[in-house]
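> Sequence first, then the predicted structure:
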Amino acid sequence: MGNMTISIDENRLRELYSYEQKTIAYIAKYFGCSPDTIHRRLAMYGIIKRGRNVVIPLHELAALYKTKCYSVYTLAKRYNCSHTTISNRLRDLGLLKPVKRNTATSIKTIDIVRAYKSGNSATFIASTLGISRWKVLEILRQEGIPIRQSHKQVPLDIEVIKQMYEQDKLSTLEIAKFFQVKSCTITARLKEAHVPIRGNHIQIEEARLLSLLAAGNSLCTIARLVGCSYTAVKQRAIALGVTIPKRAWQEHKKHIVYQYKEEGSTLQELATSYGCCPNTIKNLLQREGVRRRLPGVR
């Protein structure tokens, strides 16, 4: 699907920014786009940007932070500014440690471009690398990569979706496969149309569950076989009085870390090998302080 241009009325933008003095974040939320888009439209329409000179008494700020232990967010609310402004002032006063970020020299541009072209969002790439989303977008623009619009609305016929969900009793996952979108997109559209969302009550036969457990299948494998979540299988098993054995990955943490870092195994490969889900492996690596690779990079 090609890029979609978000419609932002110049007069309304000027009214919100210049006359009502709304913030960039507020306007971005109002139009359903990113702050980057608002900054670009302000420049496009020739709207003069406001200054950021927020008057904050530094002695009072220091006293509230050190003596009364006010948080950064509480101080931001008190002085009617952003928490970033408060953080910067506290750093200038030497009361807040500078944030350590990866330098641009350690970032592989080719990895960012490859990850973005493969469908990953700028936000996901930024969180994976531990840098800002703005930096990712800057690198992509320098490489001449067209930026996909965030918060874009995929055109879907809500009446057809409602009929499939309410009358045909199809699940959001089945409808999502039909329209080639994510199930959360279908759920969001149904909620917007005030359609009550059904619970995911999948019936698991007690005899079959016990049989699969006795055969030595992992809970993750059983979940795939019966078409439900790992948590649902675990809860049913506990309700039947089945003792859940210690998971294999818990006894092989060091080996999992070695396979991921040295052998280049993917999250999915490790999850399949140890009978758990990829998110479990991802969380384990985070707890062990292992930096994630970009998707598609070994």
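That came through, no problem.

> for the stretch 151-298 of the chain, which spans come out with low pLDDT?
151-154, 199-203, 245-251, 275, 293-298 (pLDDT under 70).

> and with 90 instead?
151-158, 165-298 (pLDDT under 90).

> mind listing the helices for the stretch 151-298 of the chain?
158-162, 172-179, 183-192, 206-214, 219-226, 230-239, 253-261, 267-274, 278-287 (DSSP state H, counting those that start in this stretch).

> which parts of the fourth one are buried?
Of all the residues in helix 206-214, those buried under the rule 16 or more other Cβ atoms under 10 Å are Leu209, Leu212, Leu213. Backbone N, C-alpha and C define where each C-beta goes, glycine included.

> if we can go back for a sec, any idea which of the helices of the stretch 151-298 of the chain gets closest to Leu137?
helix 183-192 (23.3 Å; Cβ to Cβ).

> tell me what that closest one is packed against?
helix 158-162, helix 172-179 (3 or more Cβ pairs under 8 Å, 6 or more residues apart in numbering; DSSP states H and E).

> between it and helix 172-179, how many degrees?
On the basis of axes from the mean of the first three to the mean of the last three Cα atoms, to 10 degrees, helix 183-192 is oriented at 110 degrees to helix 172-179.

> buried set for helix 183-192?
For helix 183-192, by 16+ other Cβ under 10 Å, it's Thr185, Ile186, Thr187, Arg189, Leu190.

> In a markdown table: the helices and strands packed on helix 183-192, plus mean neighbour count and distance to Lys261.
Output for those, formatted as a markdown table (neighbours: other Cβ atoms under 10 Å; distance: least, Cβ to Cβ, whole Å):
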| stretch | mean neighbour count | distance to Lys261 |
| --- | --- | --- |
| helix 158-162 | 14 | 44 |
| helix 172-179 | 17 | 34 |
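
> of all those helices, which lies closest to Gly119?
Short answer: helix 172-179, nearest of the helices and strands packed on helix 183-192 by Cβ to Cβ, at 15.9 Å.

> which stretch of helix or strand covers the residue nearest the centre of the chain?
The chain has Phe124 as the residue nearest its centroid, 6.4 Å off, counting by Cα atoms, centre = their mean. Assessed by DSSP states H and E, Phe124 sits inside helix 122-129.

> Specify the local secondary structure of Gln21.
coil (DSSP: H, G, I helix; E, B strand; the rest coil).

> Spatially, what comes nearest to it if we skip its sequence neighbours?
Arg50 (7.5 Å; Cβ to Cβ, 6 or more residues apart in numbering).

> give me the number of residues near the one you found?
12 (other Cβ atoms under 10 Å).
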